[in-house]
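1. Here is the input, now give the coordinates:
(one chain, ligands or ions: 1)
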Amino acid sequence: MTNQLDKKSQAWSALFSEPMSELVKRYTASVFFDKRLWQADITGSLAHAEMLAAQGIIGAQDLADIERGMATIWQDIESGAFEWKLDLEDVHLNIEARLTQLVGDAGKRLHTGRSRNDQVATDVRLWLRGETDLIIALLADLQKALIAVAEKNVEVILPGFTHLQVAQPVSFAHHLLAYVEMFARDAERFTDARRRINRLPLGSAALAGTTYPLDRERVARTLGMVDEQGQPQVSQNSLDGVSDRDFAIEFSAAASLCMVHISRLSEELILWMSQNFGFVKIADRFTTGSSIMPQKKNPDVPELARGKTGRVVGHLMGLITLMKGQPLAYNKDNQEDKEPLFDTVDTLKDTLRIFSEMVGGQLNPTTGQKEGGITVNAQAMEDAAKKGYATATDLADYLVKKGLPFRDAHEVVAHAVKAAVTHGCDLSELPLTVLQGFNPSIEKDVYECLSLRGSLNARNTLGGTAPAQVRAQIARHRVRLG
Ligand code: ARG
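-> Model prediction:
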């Protein structure tokens with residue numbers, strides 16, 4: 001089956017003696033996924049054209065024509081009227097071909113001193129910078145949602161676990177603030193990655209730079225590719241500028257870690273929602289029923305988030321592997337950076353949005369309050385905390401304050417726990433005479449430290465679970481997040 005390609009529609013056609021087969025065309029084209037870079041592509045082209053005109057490389061009329069043509073293209077893409085063509089391979093060639101159709105020779109001059117290699121690297125960076133900013137904002141929303149729930153639950157006690165065995169009582173707010181710390185670090189990582197995303201490769205041309213007197217710093221300033229001091233950020237080596245995708249890999253690593261944090265939170269929500277824990281409920285709209293078991297409400301959203309973490313981590317593996325064997329400079333392999341990156345961004349953004357709402361609820365415009373976030377069963381948490389001898393360490397600490405070396409105190413308490421297990425009661429329910437049988441220095445005040453609340457209050461060091469510490473952390477986060 002021969003296929004007559006319209007030669008004029010190819011960017012490089014003169015040299016080729018036979019057309020591409022349909023299969024190869026489909027295999028090599030990227031337009032059906034990279035068209036999402038259209039805004040970045042037009043923005044980058046306009047900045048390039050403006051600089052070309054300022055440098056006298058193209059005329060003022062050319063620039064005006066390019067701007068006019070691009071305005072039409074922008075509108076057409078936005079309204080859905082733009083016709084994307086597989087024959088034109090990618091977003092860059094589609095837009096350039098249409099520009100030339102609209103404005104003639106000026107369109108053909110746009111590509112002066114530029115290659116698709118530095119163009120695509122610039123587009124991906126511009127696009128990813130915008131997405132990174134969105135993600136940082138979504139992370140702030142999620143932190144605020146967690147803090148709002150924490151604020152209402154400072155005095156609510158649940159068992160803290162190690163090895164998923166009851167360990168020591170902790171404030172539910174303290175538990176939630178652990179996730180706030182994780183998401184704060186995620187935001188820091190994205191902010192840091194953004195500094196390296198926001199650098200301009202344009203002007204590297206195909207690989208070696210260009211013979212035209214480009215003003216790359218001007219383009220960087222136009223595109224907002226500047227550092228905190230407003231200094232333009234321009235790649236300093238043309239081979240590196242067109243070829244490395246480390247910025248995308250870094251972004252994906254930050255996204256993977258963020259999803260891992262979401263996944264840990266998901267796992268906890270799933271456990272807490274199970275009948276055996278009964279600690280929290282999430283709103284019905286985040287759960288689904290079973291087609292066979294009428295009593296079921298399954299935590300589909302947290303489960304899916306845990307599952308989607310696998311695919312985001314998979315994309316990181318894909319991207320890093322994509323890079324590893326590539327010689328300098330640009331290779332077509334790099335076209336494969338887009339789908340994993342796009343899917344990573346989509347998955348992370350949706351997940352962050354859904355978690356903010358699931359945790360913190362939705363704004364009710366009438367009351368101005370958020371409603372429908374997670375519901376906390378404080379009694380179930382406290383009952384569970386009473387079950388696993390969570391204050392055993394407190395008894396050991398009590399004995400240390402009475403003068404026992406910690407290791408001896410540990411041993412004494414082990415005997416006391418054994419006795420409590422035999423009697424089927426909590427440590428705080430053992431009579432004073434029984435406790436004194438394990439160590440005579442034990443007095444009536446021991447019951448204060450054996451209570452959950454006493455245990456909580458006693459952990460009053462920086463970063464500890466005492467309500468005073470937790471309130472201080474909430475205040476710090478509030479200031480930090482503004
Ligand atoms: N679609 C290509 C990509 O995503 C654009 C760059 C193509 N460059 C080239 N020399 N074939 O990487």
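
2. Every contact and neighbour count from this point should use C-alpha atoms.
-> Noted.

3. what sits against the closest residue to Ala392 other than its chain neighbours?
-> Counting by C-alpha to C-alpha, 6 or more residues apart in numbering, Ala392 lies nearest to Val413, which is 6.5 Å off, once chain neighbours are set aside. Counting by C-alpha atoms under 8 Å, 6 or more residues apart in numbering, Val413 touches 392, 395-396, 438.

4. For the host helix or strand of Val400, the averaged confidence score.
-> Using DSSP states H and E, Val400 maps to helix 392-401. Helix 392-401 carries an average pLDDT of 95.

5. Could you do stretch 166-179 as well?
-> Regarding stretch 166-179, the rounded mean pLDDT is 97.

6. Can you get me the start-to-end distance on it?
-> In stretch 166-179, first residue to last residue: 20 Å (C-alpha to C-alpha, to the nearest Å).

7. Outside of it itself, list whatever touches it.
-> Contacts with stretch 166-179, where a contact means C-alpha under 8 Å, 6+ apart, come from 143, 146-147, 149-161, 261, 265, 385, 387-391, 393, 452, 455-456, 465-467, 470, 474.

8. and if you look at stretch 210-229?
-> Stretch 210-229 has contacts (C-alpha under 8 Å, 6+ apart) with 43-44, 47-48, 51-52, 55, 57, 113-114, 195, 198-200, 202-204, 231-234.

9. Could you report the separation of the closest residue to Asp240 other than its chain neighbours from Cys449?
-> Nearest non-adjacent residue to Asp240, counting by C-alpha to C-alpha, 6+ apart: Ala329, 6.9 Å away. Distance, Ala329 to Cys449, using C-alpha to C-alpha: 67 Å.

10. Neighbour count: these two, which is higher?
-> Cys449 (21 against 16; other C-alpha atoms under 10 Å).

11. that's a helix at that one, yeah?
-> Yes. With DSSP: H, G, I helix; E, B strand; the rest coil as the criterion, Cys449 is located in a helix.

12. Would you confirm that it contacts Tyr398?
-> Yes. Assessed by C-alpha atoms under 8 Å, Cys449 is found in contact with Tyr398 at 7.4 Å.

13. Which other helices and strands does the helix holding Val400 contact?
-> helix 406-423, helix 446-450 (3 or more C-alpha pairs under 8 Å, 6 or more residues apart in numbering; DSSP states H and E).

14. repeat that for 6 Å
-> If you count contacts as 3 or more C-alpha pairs under 6 Å, 6 or more residues apart in numbering; DSSP states H and E, helix 392-401 packs onto helix 406-423.

15. Output the helix it packs on as PDB, restricted to C-alpha atoms.
-> Presented in PDB, the C-alpha positions along helix 406-423 are these (Å, rounded to 0.1, in the frame of the first residue of the first chain):
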ATOM      1  CA  PHE A 406      16.400   2.900  82.800                       C
ATOM      2  CA  ARG A 407      17.200  -0.800  81.900                       C
ATOM      3  CA  ASP A 408      16.100  -1.900  85.400                       C
ATOM      4  CA  ALA A 409      12.900   0.100  85.200                       C
ATOM      5  CA  HIS A 410      12.200  -1.400  81.800                       C
ATOM      6  CA  GLU A 411      12.400  -4.900  83.400                       C
ATOM      7  CA  VAL A 412      10.200  -4.000  86.300                       C
ATOM      8  CA  VAL A 413       7.500  -2.700  83.900                       C
ATOM      9  CA  ALA A 414       7.700  -5.800  81.800                       C
ATOM     10  CA  HIS A 415       6.700  -7.800  84.900                       C
ATOM     11  CA  ALA A 416       3.900  -5.300  85.600                       C
ATOM     12  CA  VAL A 417       2.600  -5.600  82.100                       C
ATOM     13  CA  LYS A 418       2.700  -9.400  82.300                       C
ATOM     14  CA  ALA A 419       0.600  -9.200  85.500                       C
ATOM     15  CA  ALA A 420      -1.900  -6.800  83.800                       C
ATOM     16  CA  VAL A 421      -2.200  -9.200  80.900                       C
ATOM     17  CA  THR A 422      -2.900 -12.100  83.300                       C
ATOM     18  CA  HIS A 423      -5.600 -10.000  85.000                       C
END
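
16. And the next helix or strand past it?
-> Past helix 406-423, the next helix or strand by DSSP H and E is helix 432-438.

17. Quick one: mean pLDDT for that following helix?
-> 95.

18. Tabulate the CA atom coordinates of it in CSV.
-> Once non-C-alpha atoms are left out, helix 432-438 reads as follows in CSV (Å, rounded to 0.1, in the frame of the first residue of the first chain):
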residue,chain,number,x,y,z
LEU,A,432,-1.3,0.3,94.2
THR,A,433,-0.3,-2.6,96.4
VAL,A,434,0.2,-4.8,93.4
LEU,A,435,2.3,-2.2,91.6
GLN,A,436,4.3,-1.7,94.8
GLY,A,437,5.0,-5.4,94.7
PHE,A,438,7.1,-4.8,91.6
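
19. residues making contact with that helix?
-> Helix 432-438 is contacted from outside by Ile442, using C-alpha atoms under 6 Å, 6 or more residues apart in numbering.

20. list the buried ones in it?
-> Using 16 or more other C-alpha atoms under 10 Å as the test for burial, helix 432-438 gives 435, 438.

21. do the same with stretch 186-194
-> For stretch 186-194, the neighbour count (16+ other C-alpha under 10 Å) marks 186-187, 189-191, 193-194 as buried.

22. Then stretch 129-143?
-> The neighbour-count check on stretch 129-143 (16+ other C-alpha under 10 Å) flags 129, 131-132, 135-136, 138-143 as buried.
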